[in-house]
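Chemist: below: sequence and its predicted model.
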Amino acid sequence: MPTTPPSAAIVQVDKALESYRAAGYDLTAAVGELVDNSIDWGKASVVRIRPQWDGMRKKIDKMAFADDGVGIPVEILSHVLSLGFSSGYGSREGIGRFGVGLKLATLAIAPRVDIYTKRADSDVLWRTHLDLEEIKEGAQTQIEATECEDYPEDFADLMCDEDGGDFPSGTLIVWSKIDRLEEGGRYGQANRERLQDLLRFLSRAYRRFIDNGLRIELDGRPITLHDPLFLLPNPRVIDRFGADVTASIVDRGTFEIEGSRVEVLVTLLPEVFRHRRGKGGRADRAGEEFSDLYIPFNEGKISFLRQGREINYDLVARMLPGGKKEIDRFIGIEVSFPATLDEYFQVRNVKRGVVPVLKLREELRKFLDKPVRAARKEIRRHWNEVDVQESAAKPEHDDAEDAVDRAEESTPRGRAGEGIESGEQIRLLRQLVDETLGGDASEEEKAAALARLEDRRMPIVDIGWPGKEMLEITHLNSKAVIRLNTQHPFVGGPYADLKAMADRDATEIDGNEAIDLARRAKLAIDVLLMGYAKAENMNPDPDEAYAELRSYWGLFTWTYLREAMKGIDN
């Protein structure tokens, strides 16, 4: 007699929910889903986020999300944690769209979520929850909404206005038993890093909403907007530089797709942030002055805004002419589109990015080519202008001497000229000053020149004299003073021509002239090396006499050149 196969549940609830924990949400994407809900359906004007640490402040145990929105209607409260439910599923009106965001975002971080909500037309506070552990144990078989007396004590203050009064309405969501925000170990991510990433994300992704009055708080501190295009008023910029410091618009344009418009905007950051070559917020180049403006993060990235909410800020392959350049950190690019064009931008339900379809990608790439090239050209033009101005205002060899001074902090101490007494060293330096400046120099000029020779580790002095010597070196303890013979054909010829070219405005230099000088400079450098080789050749045993010299020459040239080129290569 045939047996009837056993039936099975369509969904193994506990296993299905556990598998959803690998949905791909990191902390920023997960928090973004909750903030979206507060804005979209809650109509909130205040959103507060608070992590709760363990006693050692090593682990985040809970996270709370509070808003002063309209609250969740009680008739749907028990459904909001039901996978797939959404009162606005597939909506093209708001910044959210899919019915799985709140649930998947929560499960990606924590196995339990509690929701407390109150409507303005009711005195009742309602609560519902979802707990994976209870589901596995069979203690929770459905989602229910129940009345409760008050918000949880540790987060009740989040549901109060600035005067301490309760919000007339609003929603509090609490993630508990958090197990996906562990400290990352040697190569993982620390929670403080995660929260810093979250701060940057919130300030940038919701910049238009913050600009329009939305208040977002993270751990008790209000978040100020960050606009990578530097068009919206950033309080940090205004406090430091004034309200007039905004980017200039290089180009803007629109495409129309099935009656909906795509807007593209390209900006050039204010000159104060890109005043000279190599600046832009990196600690090794610009100190801490611009570090909180995140300028280096802009490098080659494009901001995609859907319904005014940024859903992607990243590199897009083959979108910029010639690929990403370090100089692009001073260029802002924004692409805005309505939710009706989700298919063309291939928006995913997990808000982690966009991938424009091929034809749209080509259209964007074609549009960006001209303004990005123009912005790069303007940045370099300004840098060249500043270089010329600064070069004219300082001694000719300052850049090289600066680099050598930095490098000498970690190079072996020179041995030549050891034991010279300080009084004798000053006398020799004064003698060099007199030879260089001549008898017509004022005492102030001589004092300044002497101070420079005393301060520098390896100063260069330009002075002419008859004879075939190209340079002479005076060794004074760890200092080496280089006297460069301006009458030598190498120093007075190609080298002098290169210095003159470097001091000119780039717009005044003819291309053919530059190429001709480059060819002559290359030839002169080749001859310089050959001249050194011939000098060695005059000794019957050059390897014995000069092997150590060659090695040191190569080593220190390498070290000094590497230091000198920092801030120039862009």
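Modeler: Perfect, thanks for sending it. Residues are numbered from 1 along each chain as shown.

Chemist: mind listing what Ala374 touches?
Modeler: If you count contacts by CB atoms under 8 Å, 6 or more residues apart in numbering, Ala374 has them with 250-251. Every residue, glycine included, has its C-beta placed from N, CA and C.

Chemist: pretty sure it sits in a strand.
Modeler: No - if the criterion is DSSP: H, G, I helix; E, B strand; the rest coil, then Ala374 is helix and not within a strand.

Chemist: distance check, it against Leu268.
Modeler: 9 Å (CB to CB, to the nearest Å).

Chemist: quickly list what's touching both of those two.
Modeler: With CB under 8 Å, 6+ apart, Ala374 and Leu268 have common neighbours Val250.

Chemist: which non-adjacent residue is nearest Val433?
Modeler: Counting by CB to CB, 6 or more residues apart in numbering, Val433 lies nearest to Ala449, which is 4.7 Å off, once chain neighbours are set aside.

Chemist: against which helices or strands is the strand or helix carrying the one you found packed?
Modeler: Per DSSP states H and E: Ala449 is located in helix 443-455. Secondary-structure packing of helix 443-455 (3 or more CB pairs under 8 Å, 6 or more residues apart in numbering; DSSP states H and E): helix 422-437.

Chemist: C-terminal to the helix holding Ala449, what's the next element?
Modeler: strand 460-463.

Chemist: what is the orientation angle of whichever helix or strand comes after that next one with helix 443-455?
Modeler: Using DSSP H and E, the helix or strand that follows strand 460-463 in sequence is strand 471-476. In terms of direction (axes from the mean of the first three to the mean of the last three CA atoms, to 10 degrees), strand 471-476 departs from helix 443-455 by 80 degrees.

Chemist: which outside residues touch whichever helix or strand comes after strand 471-476?
Modeler: Sequence order places strand 479-485 as the next helix or strand after strand 471-476, per DSSP H and E. Contacts with strand 479-485, where a contact means CB under 8 Å, 6+ apart, come from 414, 416-417, 425, 429, 432, 435, 453, 456-465, 467, 469-474, 491.

Chemist: just the buried ones from the residues you listed?
Modeler: Using 16 or more other CB atoms under 10 Å as the burial test, these include 414, 417, 425, 429, 432, 453, 456-462, 474, 491 as buried.

Chemist: from those residues, which two are the most distant?
Modeler: The span of these, defined through CB to CB, is set by Gln425 and Val491 at 25.9 Å.

Chemist: quick check: buried residues in the helix holding Ala449?
Modeler: 449-450, 452-453.

Chemist: just curious, which of those residues is nearest to Asp405?
Modeler: For the buried residues of helix 443-455, the nearest to Asp405 is Arg452 (11.5 Å; CB to CB).

Chemist: name the nearest residue to the closest one, sequence neighbours excluded.
Modeler: Pro459 (6.2 Å).

Chemist: so that neighbour makes contact with Leu453?
Modeler: Yes - taking CB atoms under 8 Å as the definition, Pro459 is a contact partner of Leu453 at 5.2 Å.

Chemist: low-scoring stretches of the stretch 301-450 of the chain, by residue?
Modeler: In the predicted model, the stretch 301-450 of the chain carries pLDDT under 70 at residues 348-353, 388-395.

Chemist: for this structure, name the helix or strand with the lowest mean pLDDT.
Modeler: helix 283-286 (a mean of 38; mean pLDDT, DSSP states H and E).

Chemist: can you tell me the SS state at the closest residue to Ala156 other than its chain neighbours?
Modeler: Leaving out its chain neighbours, the residue that sits closest to Ala156 by CB to CB, 6+ apart is Asp150, at 6.4 Å. Counting by three-state DSSP, the backbone at Asp150 sits in coil.

Chemist: next one: Asp150 from Ala44, what distance?
Modeler: For Asp150 relative to Ala44 (CB to CB), the value is 20 Å.

Chemist: which one's more surrounded, those two?
Modeler: Between Asp150 and Ala44, Ala44 has the larger neighbour count (other CB atoms under 10 Å), namely 25 against 10.

Chemist: so who does the residue nearest to Val433 touch?
Modeler: 433, 436-437, 441.

Chemist: which one of those residues is nearest Met538?
Modeler: The closest of these, once distances to Met538 are taken by CB to CB, is Thr436, at 30.3 Å.

Chemist: can you pull up the most central residue in the protein?
Modeler: Of all residues in the chain, the one closest to the mean position by CA atoms, centre = their mean is Phe297, 2.0 Å from it.

Chemist: thinking again about what came up before, what is the nearest of the buried ones among the contacts of strand 479-485 to Asp387?
Modeler: Comparing the buried ones among the contacts of strand 479-485 against Asp387 with CB to CB places Ile460 closest, at 19.1 Å.

Chemist: hmm, that closest one is touching Glu401, no?
Modeler: Yes - under the contact definition of CB under 8 Å, Ile460 touches Glu401, with a separation of 6.9 Å.

Chemist: please, where are all the strands along the stretch 51-200 of the chain?
Modeler: Ranges of strands in the stretch 51-200 of the chain, per DSSP state E, counting those that start in this stretch, are 60-67, 112-118, 125-131, 146-148, 170-176.

Chemist: looking at these, which is nearest to Leu214?
Modeler: strand 60-67 (10.0 Å).

Chemist: partners of that closest one, with directions?
Modeler: Partners of strand 60-67 in the sheet, by DSSP bridges, are strand 46-53 (antiparallel), strand 170-176 (antiparallel).

Chemist: now do that strand: everything it contacts.
Modeler: Applying CB under 8 Å, 6+ apart, the external contacts of strand 60-67 come out as 31, 34-35, 38, 42, 44, 46-54, 109-110, 154-155, 158-159, 170-178, 181, 191.

Chemist: now, of the residues you listed, which are buried?
Modeler: 31, 34-35, 38, 42, 44, 46-52, 109-110, 155, 158-159, 170-176, 178, 181, 191.
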